[in-house]
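Undergrad: Sharing a model prediction with you, sequence too.
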Amino acid sequence: ALDQETDATKKVESVKLGKVSVNPKTLIETESLLRPLGKLMPPEAVERRSWVLDITLKDAHFDVAWGIEEDSKLLVGIWEHGLGSWEQVKADKALDLGGKILLNASCKPQSKHLDVRAGYLLRMLQRKAQQGKPVKKKK
């Protein structure tokens with residue numbers, strides 16, 4: 001896998017890890033999206049329960065009441081259970097999202113809506129983290 005061509009026109013091959021096929025490009029992109037969350041998330045579980053985002057976000061347009069507290073809990077759930085582990089996030093009583101996500105097939109948010117919202121939230125965290133960095137001047 002290391003000696004593959006780096007030509008941009010060539011398709012990136014998946015790599016097998018055990019019996020799981022992994023796309024390296026997707027893996028690297030996802031890891032870079034999650035990095036700001038890891039830096040912001042409090043290390044102690046007790047602190048995470050009261051952690052709230054401090055950025056302005058677009059409305060989620062879900063069929064349930066959804067605001068900054070739910071977005072914050074969703075991010076805590078991603079940090080604790082993994083990106084895309086929506087059943088585990090729903091089952092986590094401490095997050096208290098069980099009555100808001102994956103209710104029935106016609107009620108938003110479902111998995112695909114949570115995937116999109118999580119991506120948006122993580123990109124917003126990434127953008128905020130980049131704004132805090134000093135801009136390097138070109139010589």
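TA: Arrived safely. Numbering: from 1, shown residues only.

Undergrad: V64 - nearest residue in space that isn't next to it in sequence?
TA: Once flanking residues are discounted, V64 sits nearest to K100: 4.7 Å by C-beta to C-beta, 6 or more residues apart in numbering. Where you see a C-beta, it was placed from the backbone N, CA and C, and this is true even at glycine.

Undergrad: Enumerate every residue touching the most centrally placed residue in the chain.
TA: Centroid-nearest residue in the chain, with C-alpha atoms, centre = their mean: A118, separated by 4.4 Å. Each residue near A118 by C-beta atoms under 8 Å, 6 or more residues apart in numbering is listed here: 74-75, 78, 83-84.

Undergrad: Please enumerate the helices of this structure.
TA: 24-40, 45-49, 68-81, 86-91, 111-131 (DSSP state H).

Undergrad: quick one, which of those helices is nearest to G18?
TA: Closest approach to G18 among those is made by helix 24-40 (14.4 Å; C-beta to C-beta).
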